[in-house]
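# no letters, just coordinates:
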C-alpha cells in the first residue's frame, strides 16, 4: 500500500482522489459511517440537538477550560469542538461558504509586524502559489459564484453562477450600499446549475448542519470520494477509528493501528501516512502516538502539536422587517460584505473579517437562541411574536480573524476517556483581546447595516469569549523552522519524512472564517507535492 | 440580558443530555406516541398528574386560541417520549419539579396546577419563570411544537401554521417579498 489516509473530509477526500488518480494505491480510514445522500433528513432536533451527524458526547466527550491553570470540565452543550463524523467529514454538514483567502492572509506578519502574546507569522506559501489550486476547488469540488470587488485575482471564472439571491441578500445589499459598502454575491460550494454530473440546489432550506439529500452541496462525499473509488486504487473503510501512527527504529512511519467497526484492532501498513482527520483529531492522534523516540507525541519536537488553535470570531446581529423574507427556504447565504476584510491600524487593534446575510436556525433554536432579549417568553404575545417574526427575521453573521495564541490548544484530557478508551479532547481557549475587539467592531457594523436596510427592530447579544468552534485551525502549523512548526510547506512533518499532515491544522493564521476553501486548495497542492516526492523516490 | 444569558446557559446545560441520545431511541418515539394515542392518551413515562401539569404549563407558554398552541401540537406527547428515552436523565428533576408545582398550586388555589384558573396559573408561572423547571418545560414545549412529527409532537401541522410557513421538500425563487422582481437589490 502506498498511502494510508486518516480522514475522508474536506482534505482527506481531495487527497484520496488526487493520489489515486495519480496512480497510487490508497486506503482511507474514516471513523464515521458511509452515509448516502438519501440518508439525510430535514430534522432540526435530530441533527442539531441529538448529534445525528456529529456523534454523541457520551461516546466522545470533550473538556474545556479558559487557561492552562484551570482543570478542564465537560460542557453539556455541543462541542467545544464541532465536527461531523462520517465519510465526507464536516464537508457534509458545513454551510458551504467558500471564500478564498486574500494575498494578505499569507503575509500579515510582514505587513503588520509581531503581535504580543501570539505566534503571528507569515505562511511559507503565497496566494499566487495557491491560486491554481483554488481554481481546482472551484471546478472539481464545485463552487457557485462571481467575482466581487475585493476578491483576489483568479485564473478562471467560476464554473457556475451565483445561487439566486434571497431576501436576506437583498436586504444586506440595500443596507450595505446605503452605508457606502460593497456587497457581493456569496461564493458557495453548492451548485446553482448542474455541474460535473451532479444536480443543482433544490432550495430545500436545510444546509448548515445538515447533509444534502440532493448531492448539490459539494461535500467530498459526492464530489471527490466517488472519483477516488472509481479509480480502483482507493479503498475507503468507514467506521475505522485510528488510534496510533506506528514508527520504526529509524523514526519513519510504517502505518497505523485502528479499531474496525466491530472494535477489533487492525493494522494498516503503508509507504507513507497522511493525516487529514481535522485540527482536533489529527493533533490528538499525534499526541497519542508517543514512543521512545517521540516521547511528547509524534512529529512534536517543536512542542507545537495541538497549539495555536484558531476558531475564527463568530458574532451576529438580527433584524425584523415588515414583509416576509421566508429565510427558511434555500441556502444559508447569498450575499456577503468584505469591506472590512483587511486589518486597519486606525481601528486601534489587529483584525478583519466579513459578514453575510442569513438565517441560521430552524424554529427550535430560533426560539431558544435568537429572539430579542426584552421579549416576553411565554403567553399569547410570545406566540404572536413567533408567528409574526419567523418569516420576517434575518441575521447578519460576522466572521473574523483569530490570532494564533499558543495556550489556545487541543490536548489529551488527563482523566476522561472516550468510548474507545482514547483520552478525551481537551480544549483550552480564550479569544485574544484583539479578536474580541474585531468581533465587536463587525457586530456594530452589522447592526448599522440592518438598520440602514429598514429593519423595524435590530438587536444583538453581548460579545463574549467563545466556548465553541467549528473551524479547527492551526494545531499542526506549517512553517520553515522545525523548532516552531510541525510541517513544512509540502505538508511533510519536519520530524518524520514519510508522514504528511494536511487539514485545518496546517493553517498558520486563521483567515477571516470560511476556511474550507483554503483547506481544499492546500490539499490539492499537497497531493501534487506528495506525488512529486513519491515519484522522485523522496518518501 | 440576564434572561437571554440564562436561557442560553440552560440550553447548554441540558443540551448534552439531549445530544446523548442514540438514534434508534429517537426513531422509536413516533411509534411510542402513536401507541399512546391508540391507548386513549395514556402516557408511557408521565403519570397522569404529571402529564396534566406539564401540559397546563406548556399551554401557558404557547396558548390555544387562533393558531395552534402546545396543546393542539401534542407537546406533552413529545415530552413523554423524550423523557422516557433520550432525555431520561432529566426525568427525575422534571418529576420532582412538577410535583412541587402542584403542591405550590394547591397551597395557593386549592387545586393542582392544571386545575387552577387562568389568572392563578399565570401568577404562579411568573414566579416559576426563573427556575430550571420552567426552562426545561419551555424547551420541551418548543421541541414538542416545532420538531418533526415523527418525535410525537407537532401534530396537525402545528409548526407550519404557527410560524406561517409552507412545508415543501423543495422551493423555487422568489423566496420572499424582498427578492421578488427584477432589480430587487437596487
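Received, thanks. What you see is a predicted model; the values in this text were computed from it and never measured.
# how about residue A:86, nearest residue that isn't a chain neighbour?
Excluding the flanking residues, the one nearest residue A:86 by Cβ to Cβ, 6 or more residues apart in numbering or on different chains is residue A:32, at 3.5 Å. (Glycine included, C-beta is placed from N, CA and C.)
# how about the one you found, secondary structure?
Secondary structure, DSSP: H, G, I helix; E, B strand; the rest coil: residue A:32 is coil.
# that one: neighbouring residues, count only.
Residues near residue A:32, counting by other Cβ atoms under 10 Å in any protein chain shown, number 23.
# quick check: the gap between it and residue A:289.
According to Cβ to Cβ, to the nearest Å, residue A:32 stands 21 Å off from residue A:289.
# do residue B:98 as well
In terms of Cβ to Cβ, residue B:98 sits 51 Å off from residue A:289.
# same deal with residue B:63?
For residue B:63, the distance to residue A:289 (Cβ to Cβ) stands at 58 Å.
# make sure I have this right: residue B:81 is in a helix.
Yes. Counting by three-state DSSP, residue B:81 is located in a helix.
# what's the neighbour count on it?
Neighbourhood size, residue B:81 [other Cβ under 10 Å]: 29.
# likewise residue A:532?
Residue A:532, neighbours per other Cβ under 10 Å, totals 12.
# residues contacting it?
residue A:538 (Cβ atoms under 8 Å, 6 or more residues apart in numbering or on different chains).
# now find how far off-centre the helix or strand harbouring it is within its chain.
Following DSSP states H and E, one finds residue A:532 within helix A:516-535. Centroid displacement of helix A:516-535 relative to its chain, using Cα atoms, centre = their mean, to the nearest Å, is 17 Å.
# then stretch A:348-361?
Going by Cα atoms, centre = their mean, where stretch A:348-361 is centred and where its chain is centred differ by 15 Å.
# what is the end-to-end distance of stretch A:530-539?
Length of stretch A:530-539, first residue to last, Cα to Cα, to the nearest Å: 8 Å.
# surely residue A:216 and residue A:206 touch.
No. The pair residue A:216 / residue A:206 is not scored as a contact, 11.3 Å apart, by Cβ atoms under 8 Å.
# more neighbours: those two, which one.
residue A:216 (28 against 21).
# A strand includes residue A:398, no?
Yes. With three-state DSSP as the criterion, residue A:398 is located in a strand.
# wait, isn't it in contact with residue A:357?
No. Look at residue A:398 against residue A:357 with Cβ under 8 Å: they stay out of range, at 11.3 Å.
# these two: who's more crowded?
residue A:357 (34 against 30).
# phi, psi for the more buried one please.
For residue A:357, the backbone dihedrals (degrees, to the nearest 10) come out as phi -100, psi 130.
# can you check the pLDDT for it?
Residue A:357 carries a pLDDT value of 98.
# partner residues bridging it?
residue A:396 (DSSP bridges).
# quick one: contacts for it?
If you count contacts by Cβ under 8 Å, 6+ apart, residue A:357 has them with A:166, A:168, A:169, A:171, A:172, A:333, A:334, A:335, A:336, A:394, A:395, A:396.
# so which of those is the closest to residue A:148?
For those, the minimum distance to residue A:148 (Cβ to Cβ) is 7.6 Å, reached by residue A:336.
# pull up the pairing partners for the helix or strand hosting the closest one, direction included.
Assigned by DSSP H and E, residue A:336 belongs to strand A:335-337. Partners of strand A:335-337 in the sheet, by DSSP bridges, are strand A:183-185 (antiparallel), strand A:353-358 (antiparallel).
# and residue A:315, that one's in a helix?
No. Counting by three-state DSSP, residue A:315 is not part of a helix but strand.
# tell me, how many residues neighbour the residue in the stretch 301-450 of chain A positioned nearest to chain B?
Residue of the stretch 301-450 of chain A nearest chain B, by Cβ to the nearest Cβ: residue A:323 (3.6 Å). Residue A:323 has 13 neighbouring residues, counting by other Cβ under 10 Å.
# confidence score at the nearest residue to it once chain neighbours are set aside?
Nearest residue to residue A:323, sequence neighbours excluded (Cβ to Cβ, 6+ apart): residue B:177, at 3.6 Å. The per-residue pLDDT reported for residue B:177 equals 97.
# for residue A:387, same thing?
At residue A:387, pLDDT is 98.
# so it touches residue B:67, yeah?
Yes. Using Cβ under 8 Å, residue A:387 is in contact with residue B:67, at 5.9 Å.
# compare the two (neighbour count), which wins?
Set side by side, residue A:387 and residue B:67 show more neighbours around residue B:67, with 18 against 15, by other Cβ under 10 Å.
# can you tell me the SS state at the closest residue to residue A:151 other than its chain neighbours?
Using Cβ to Cβ, 6+ apart and skipping the chain neighbours, the partner closest in space to residue A:151 is residue A:100 (7.0 Å). Three-state call for residue A:100 (three-state DSSP): coil.
# so how far is chain B from residue A:100?
23 Å (Cβ to the nearest Cβ, to the nearest Å).
# so where's chain B shaky on pLDDT?
By pLDDT under 70, the low-scoring segments of chain B are B:1-41, B:182, B:186.
# residue contacts, the nearest residue to residue A:279 once chain neighbours are set aside?
Excluding the flanking residues, the one nearest residue A:279 by Cβ to Cβ, 6+ apart is residue A:472, at 3.1 Å. Going by Cβ under 8 Å, 6+ apart, residue A:472 touches A:81, A:83, A:278, A:279, A:280, A:309, A:311, A:410, A:503, A:504, A:505.
# I figured the last one hits residue A:475, correct?
Read that as residue A:505. Yes. With contact defined as Cβ under 8 Å, residue A:505 and residue A:475 form a contacting pair (4.3 Å).
# now for residue A:381, how many residues are close by?
By the criterion of other Cβ under 10 Å, residue A:381 has 12 neighbours.
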